[in-house]
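In: dropping the sequence and predicted coords here.
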Amino acid sequence: MNKELEHSFVELLEKHQNIVHKVCRLYTNNYDAHNDLFQEITIQLWKAYPKFRGDAKFSTWMYRVGLNTAITLYRKSKRTIKTQDFEGVSFKIKAEDYDDTQEEQLKVLYKAVHQLNDIEKALVFLYLEDKDYKEISETLGISEVNARVKMNRIKTKLRTILNP
Amino acid sequence: MDELDLLKKDWNKESSNHTKVSVKDIYGMLHKKSSSIVKTLFYISIAELAFWIIINTIPYFTSDDYQEKLDTMFPNEYVFMGITIFSYIVILVFIYFLYNAYKNISVTDSAKKLMENILKTRKIIKYYVLYNLIMMGVSLAFGFYLSLQHDTNVINSIESLGENGLIIIITILAVFSIIFLVIFWLFYKLIYGILLKRLNRNYKELKKLDL
């Protein structure tokens, strides 16, 4: 693959890397696993890049490849097993932004989201990224109605965790 | 306020706590090896193809005895040639299907479609192994039957076992075949079970959503 293509890809990815980091943060719970998944998503994005036509937004395209890698393609590497857990570090909330209750609520919420299964996490991720149900349903390959129903169930589930 | 809206506020406000990856790092990552399950599946399918081709051809090429035996068993050489050509056509057909299946796997499809295409590929490999196992069983049974007709050594050893010689031999062969099949099946389940555990779980979850 030519240098120009490589260069344009690297620049775009560097600019939008936060999307990949967010996927990694949802699907991994330690530093090494995060880096490992980030690398795998990068490889998958790069492999698919020559077919990226630009008719979709690069970021939208990244959501799909990123989630597909996390949910389906990624095989945990051996080196990610014995590492320090960074739960609580990754989602550190700035104290000055919230009152204590809200801060506490957020901590519990992030923890609860981490406990969801892979598909539920994908739905939450796309919801948090402000995607509409049409895009959510297309990304996951389910109907729009079912995406909506499932999302409501997840909300109820989180509410129950938060207010037992 | 909705719990998720509270989360959303924080999610969008919070820039990544993770160290930013530099352009140089990204360049480095592009040339690293992928650890995707599709890649592993691809290597396994190549190994399966190679394994069965070797199993089927090695004895034929290396052993003169085996060749001679085959010649006496197949009085009509066209029958043997026909079977050989058939088995190679089957291999080519499987290679064609596998190639198409891999070509259809695209990371930019929807999650469900991607999973379906991977599972379809795995199914083709499964049918290939199944075909080989059946062919192996049939040829072993056929070989045994022909030995009973032509091989004096076999006939003599069965006779030496007494009245129930044939039943004893058949029972021993059946037990060994079953043991072989069970071990093979367990090995197969283990490989694909580990590899596709997560995919199967997520695929079931997605299917459940669309019921």
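Out: On my side now, so go ahead. What you see is a predicted model; the values in this text were computed from it and never measured. Numbers count the residues shown, from 1 in each chain, chains lettered A, B, ... in the order given.
In: contacts for stretch A:145-152?
Out: A:120, A:123, A:127, A:133, A:136-137, A:140, A:142, B:209-210 (CB atoms under 8 Å, 6 or more residues apart in numbering or on different chains). (Glycine included, C-beta is placed from N, CA and C.)
In: among the residues you listed, which two are most distant?
Out: A:Tyr127 and B:Asp210 (18.4 Å; CB to CB).
In: of these two, which one has the most company?
Out: Comparing A:Tyr127 with B:Asp210 by other CB atoms under 10 Å in any protein chain shown, the one with more neighbours is A:Tyr127, at 21 against 15.
In: these two touch, right, the more buried one and B:Trp11?
Out: No - the criterion here is CB atoms under 8 Å, and A:Tyr127 misses it with B:Trp11 at 9.6 Å.
In: where does the spatially most central residue of chain A land in three-state SS?
Out: By CA atoms, centre = their mean, chain A has its centre lying nearest to A:Val23, at 2.2 Å. Classification of A:Val23 by DSSP: H, G, I helix; E, B strand; the rest coil places it in helix.
In: flag every buried residue along the helix or strand hosting A:His16.
Out: Here A:His16, judged by DSSP states H and E, is contained in helix A:3-27. Residues of helix A:3-27 classed as buried by neighbour count (16 or more other CB atoms under 10 Å in any protein chain shown): A:6, A:9-10, A:12-14, A:16-17, A:19-27.
In: now it: how far from the chain's centre is it?
Out: 13 Å (CA atoms, centre = their mean, to the nearest Å).
In: mean confidence for that helix?
Out: Helix A:3-27 carries an average pLDDT of 92.
In: which helix or strand lies directly C-terminal to that helix?
Out: That would be, after helix A:3-27 and using DSSP H and E, helix A:31-48.
In: I'd like the distance between A:Ala33 and chain B.
Out: 12 Å (CB to the nearest CB, to the nearest Å).
In: centre of the chain to stretch B:119-134, how far?
Out: Counting by CA atoms, centre = their mean, stretch B:119-134 comes out at 5 Å from the chain centroid.
In: and the contacts of it?
Out: Taking CB under 8 Å, 6+ apart as the rule, stretch B:119-134 contacts B:38, B:41, B:44-45, B:48-49, B:52, B:55-56, B:90, B:94, B:97-98, B:101-102, B:104-105, B:181, B:184, B:188, B:192, B:196, B:199-200, B:203.
In: thinking again about what came up before, please name the nearest non-neighbouring residue to the residue nearest to the centre of chain A.
Out: A:Gly66 (4.3 Å; CB to CB, 6 or more residues apart in numbering or on different chains).
In: pLDDT weak spots in chain B?
Out: For chain B, the stretches with pLDDT under 70 are B:1, B:14-18, B:59-63, B:66-76.
In: same question, chain A
Out: A:1, A:77-100.
In: quick one, helices of chain A?
Out: A:3-27, A:31-48, A:58-68, A:100-115, A:118-128, A:133-140, A:144-162 (DSSP state H).
In: turn those into a markdown table, columns for distance to B:Val175.
Out: Converted to a markdown table, the helices of chain A look like this (distance: least, CB to CB, whole Å):
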| stretch | distance to B:Val175 |
| --- | --- |
| helix A:3-27 | 47 |
| helix A:31-48 | 46 |
| helix A:58-68 | 46 |
| helix A:100-115 | 49 |
| helix A:118-128 | 43 |
| helix A:133-140 | 49 |
| helix A:144-162 | 50 |
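In: nearest to B:Asp151, of those helices?
Out: helix A:31-48 (55.7 Å).
In: how far does the closest one sit from the chain's center?
Out: 12 Å.
In: quick one: contacts for the residue in chain A that chain B sits nearest to?
Out: Here chain A gets closest to chain B at one residue, A:Gly141, 2.8 Å apart by CB to the nearest CB. Counting by CB under 8 Å, 6+ apart, A:Gly141 makes contact with B:109-113, B:206.
In: show me those that map onto strands.
Out: The strands, defined by DSSP state E, take in nothing from the contacts of A:Gly141.
In: filter these down to the ones near chain A?
Out: Contacts with chain A within these, counted by CB under 8 Å from any CB of the partner chain: B:109-113, B:206.
In: biggest helix in chain B by residues?
Out: helix B:165-209.
In: now the angle from that helix to helix A:118-128?
Out: 20 degrees (axes from the mean of the first three to the mean of the last three CA atoms, to 10 degrees).
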